[in-house]
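1. fold the following for me, if possible:
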Amino acid sequence: MSEHIQQPKLEFYVGKIGGIIPLLLMISLMLLLTAYGMGGPKGAWAPGFLAILVGLILVKNKGEYCKSILDGIANKTGVVVITAWMFAAVLGALMKAGGLVDGILWLGLSTGIQGSAFLVVVFFSTAVFASGTGSSNGANLALAPILFPAAVMLGADPVWVALALLSGAVLGDNVAPISDVTIVGCATQGADLGQTVKQRAPIAILAGAITLAVLIIFGGGAEVAQTANTINLDDLEPTNLFMLLSIAAVVGTALAGRHLIEALSYGIITAMIVGLVLGRFAISDLFSIPAVRGESSGIFESAIGGVTGAVMFVLLLLGIIRIFMDSGLMDSILRFIMKNLGESKIKSELIIFFATAASSLLVSANAPSQLLVGPTIVRPIGEKQGISAERRSNLMSAAVCSIFYMMPWCLAVMVWYSAIETAAINSNIAVPSAAISFMAPYPWALFLVTMFSIVTGWKRNPKSSSSNEETPQPAI
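-> Predicted coordinates:
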């Protein structure tokens, strides 16, 4: 999807506006399902399929329409994203099976830290888990049931415990080389993965430091309760922390400039070795012949099966995005934007940031929104203004890791709140309101730091070779 302004390939009975009707229909039906609590990747299958059928009725040249759909589905960006998701899913499942959650919990509880200081443990635990798995959802679903009640019992305010979990998960998702946010951002902009992560680090670290200060200042105030009845340190295994070696393998290899799939493979191999040595799982848990037809053959199959919903969603979205691009409507939008840009890098970067943020709120998902605006708006604007591919990727990441995570109707935020709600009910703790996501400190800190970076030019790098139009191949 690296094409820029081009001649319209599709003609609609209603004019160029017909190119966006399938996309708007898909988004509208997704939001309708979300409003009834039925949102999610699988919930997008039917809206996407119906949207394609409606577009077929509206288009004049049916054959070209079908070719556009297939061209979109076969796009290299989608192949990279889908492959990386499968490998990342396996890595995350192995770390979970290896007991990393227990190891992180042991580390936090064994220190005796209480009150708002324990929120530092919560924040870093979710950040480490999310950075290793590349998933804020995985971090919240895995850690919230344990860390939320433990932190409250140790004297932390329930609202701020919930916000610490959300903030840590977003930070991890923001900086992780294997995060779908990073993967899609680099793929759509032709950016180098290692350089993107390195250039993102100062902004993320500053936002993280601001978040820690907020959590420490406002996170205490509750009375410390006895945790022995609910959490027994003797039942936790500190040796499970060795599973962090798999995270180190992925991060180190990726930052060394090796291919993302290679980096993920080393992480998977490391996690397998550590888990087997520690006795956390057996080879038969990884793969075995199921006793009953239809049952899972092990961790590998279950992990890959868990991302099929997202994979199908991306394939449908890629086809619909290509329809939008081939309609010529995006060309008109781009001409209008570029005509009014002038030479202002500040204005260009603000458009990149807020266009990505607006798309994420419409789609209710962060990586798919990057697939939508990355090649159609962000890359053409950035290349015209000489903004490096890595900078463009980081601006998109900041957009979908800040404003997106403040809104309670977005899918990732709903996953977080569902985990918090369940943990609170099971532990007889008052359930915080979903509206507290508007107070999430890391998304706010990242937004403010990014605005500072845009206005002042801090960490704005010169045009890189990876953004050169003659060599636009993704480094991942």
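2. check the gap between Asn137 and Ala164 for me.
-> 16 Å (Cβ to Cβ, to the nearest Å). Where C-beta positions appear, they are placed from N, C-alpha and C, glycine not excepted.
3. higher neighbour count, the two?
-> Ala164 (34 against 19; other Cβ atoms under 10 Å).
4. surely the more buried one and Ile216 touch.
-> No - applying Cβ atoms under 8 Å as the test, Ala164 and Ile216 come out as separate, 10.2 Å apart.
5. shared neighbours, those two?
-> Leu119 (Cβ atoms under 8 Å, 6 or more residues apart in numbering).
6. A strand includes Ser296, no?
-> No - assigned with DSSP: H, G, I helix; E, B strand; the rest coil, Ser296 falls outside any strand and is coil.
7. I'd say it and Ile304 touch.
-> No - under the criterion of Cβ under 8 Å, Ser296 is not in contact with Ile304, lying 10.1 Å apart.
8. which residues touch Ser179?
-> Ala130, Ser131, Gly134, Ser135, Gly172, Asp173.
9. farthest pair in these?
-> Pairwise distances across the contacts of Ser179 (Cβ to Cβ) peak at 9.8 Å, for the pair Ser131 and Ser135.
10. joint contacts of these two?
-> Contacts common to Ser131 and Ser135, judged by Cβ under 8 Å, 6+ apart, are Asp173, Ser179.
11. quick one on the thing from earlier: so which of the contacts of Ser179 is the most crowded?
-> Asp173 (30 neighbours).
12. how close does it sit to Ser136?
-> Counting by Cβ to Cβ - Asp173 and Ser136 are separated by 4 Å.
13. one more: Glu262?
-> 24 Å.
14. settle it for me: which of the two has more neighbours?
-> Ser136 (32 against 14).
15. show me where the stretch 351-476 of the chain has helices.
-> Under the criterion DSSP state H, counting those that start in this stretch, helices of the stretch 351-476 of the chain are mapped to 366-373, 379-385, 389-400, 411-426, 441-456.
16. mean neighbour count, the ones you listed: which tops it?
-> helix 389-400 (a mean of 30; mean count of other Cβ atoms under 10 Å).
17. need the contact partners of stretch 239-251.
-> Applying Cβ under 8 Å, 6+ apart, the contact partners of stretch 239-251 are 91, 94-95, 98-104, 106-107, 128, 131-132, 177-178, 263-264, 266-271, 274-275, 278, 280.
18. where does pLDDT dip in the stretch 101-250 of the chain?
-> The model of the stretch 101-250 of the chain has pLDDT under 70 over residues 101, 104-105, 108-109, 112-114, 133, 142, 220-234.
19. hmm, 80 instead?
-> Counting by pLDDT under 80, the stretch 101-250 of the chain shows low-confidence ranges at 101-116, 129, 132-135, 137-147, 150, 153-155, 178, 219-236, 247, 250.
20. got the CA coordinates for the helix or strand harbouring Glu64 in PDB?
-> Assigned by DSSP states H and E, Glu64 belongs to helix 62-73. Output of helix 62-73 as PDB, limited to C-alpha atoms (Å, rounded to 0.1, in the frame of the first residue of the first chain):
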ATOM      1  CA  LYS A  62     -17.100  -5.000 -11.200                       C
ATOM      2  CA  GLY A  63     -14.100  -6.800 -12.400                       C
ATOM      3  CA  GLU A  64     -11.700  -4.000 -11.400                       C
ATOM      4  CA  TYR A  65     -13.400  -3.900  -8.000                       C
ATOM      5  CA  CYS A  66     -12.700  -7.500  -7.400                       C
ATOM      6  CA  LYS A  67      -9.100  -7.100  -8.400                       C
ATOM      7  CA  SER A  68      -8.800  -4.200  -6.000                       C
ATOM      8  CA  ILE A  69     -10.000  -6.300  -3.100                       C
ATOM      9  CA  LEU A  70      -7.500  -9.100  -3.900                       C
ATOM     10  CA  ASP A  71      -4.700  -6.600  -4.400                       C
ATOM     11  CA  GLY A  72      -5.400  -5.200  -0.900                       C
ATOM     12  CA  ILE A  73      -5.600  -8.600   0.700                       C
END
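21. no further questions, thank you.
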